[in-house]
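Novice: just a sequence and a predicted model for now, questions to come.
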Amino acid sequence: MAAFGDLNRVNTNVGALDAQLSLNKINRDLSDSRLRMSTGLKINSAEDNAAGYSIATKLKSRIAGLEQALTNVGDAKSVLDIAEASFDSVMDNLIEMKTLATQASSDTLGETERDYIGDQIEALATDINAIADQTVFQGVALLNGDADNAGTKSMVFMVGERATDTLTAEINAINIGSLFSAGNLGANTTAGGAAAAGAAITATAATTSSQGGIGFADGAGNVPTAADFRSFLDNVDTAIDTMSDNVNAIGIKQASLSVREETLSEAISANSGARSRIIDTDFAKEQSRSVKLQIMQQTSTAALAQANMGPQSVLGFLG
């Protein structure tokens, strides 16, 4: 600000320097205002607000992690959906097995008819093993369990943006070897009712090279009797119960993922709102400020012009 008597000096126009300084500040502020409106960001660099910039950057990182976690949850649900669809197909085959075994359990059928039914059940068992082989997501077999086609397939899903935000799903191996106990599944009798040398209905366990299977003839070629099929029915019911448990376990994990999906969506919205309040431009406020700065720019320019004319008044002393 010019001091008393400064206007009486010619070499240094203090009033013009003050007006120029004011104009430079206004031009700088006006440039910053236009930058905020052009980028939509209130904080464009750490210089604008160091603390706010740091907080906004951390929030941006968290939001990115949450968004990826939300994608992961969607993929995890797809995995379980694929497993559930295969469970439903296996359950349909087991129900068909039960229907056929119930039919064969009646003495109204002869050996030939039971032999046909045995062939049908064997085909259904083969289909169950094929379903397990074909249940794959991203190259990962979901229903083959461990290396012995048994046990469980443990999958860890990343459902958050922190290292501890995980959800583990255990998918049991599904094949004939896991659904039926290895050994004799029949009543161990022949068509004539006498004790058989071998089992009429047998199941084999799963191995590294096989998923197990069901056979309907002993070593002597005896056809299972109605009693054998009635005994086999208990094993089918046990397999259906096992599948029901598996479906229930999958459903529980699916429900957990749905909860995580909703929670992540809410967290993304909340964190995005917090970041926006820190870093985004309030256009109504910034536009008003820009208009104010433009008016001040014009008045400062006029003041500078007048200040430049000030030293001419000194010429009156020389007249």
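Specialist: Structure received.

Novice: Ala255 and Ser269, how far apart?
Specialist: From Ala255 across to Ser269, the span is 22 Å (Cβ to Cβ, to the nearest Å). Any C-beta I mention is one placed from the backbone N, CA and C, and that applies to glycine too.

Novice: whoops, I mixed them up, Ala85
Specialist: Distance, Ala85 to Ser269, by Cβ to Cβ: 32 Å.

Novice: check contacts around Arg260.
Specialist: Shown in contact with Arg260 (Cβ atoms under 8 Å, 6 or more residues apart in numbering): Val73, Val159, Gly160, Leu167.

Novice: assign it to helix, strand or coil.
Specialist: helix (DSSP: H, G, I helix; E, B strand; the rest coil).

Novice: inside helices: which ones of the contacts of Arg260?
Specialist: Judged by DSSP state H, the contacts of Arg260 include Val73 as members of helices.

Novice: so which of the contacts of Arg260 comes closest to Leu17?
Specialist: Here the nearest of the contacts of Arg260 to Leu17, counting by Cβ to Cβ, is Gly160; it sits at 59.0 Å.

Novice: quick one: the closest one and Ile268 touch, right?
Specialist: No: between Gly160 and Ile268 there is no contact under Cβ atoms under 8 Å: 11.6 Å.

Novice: what residue lies at the spatial centre of this structure?
Specialist: By Cα atoms, centre = their mean, the chain has its centre lying nearest to Val73, at 1.8 Å.

Novice: pLDDT score for that one?
Specialist: On pLDDT, Val73 comes in at 96.

Novice: need the contact list for it.
Specialist: Val73 makes contact with Phe157, Val159, Leu257, Arg260, Glu261, Leu264, according to Cβ under 8 Å, 6+ apart.

Novice: continuing past the worst-scoring helix or strand of the chain on mean pLDDT, what's the next helix or strand?
Specialist: Using mean pLDDT, DSSP states H and E, strand 183-184 stands out as the lowest-scoring helix or strand of the chain, at a mean of 79. Downstream of strand 183-184, the first helix or strand assigned by DSSP states H and E is strand 202-204.
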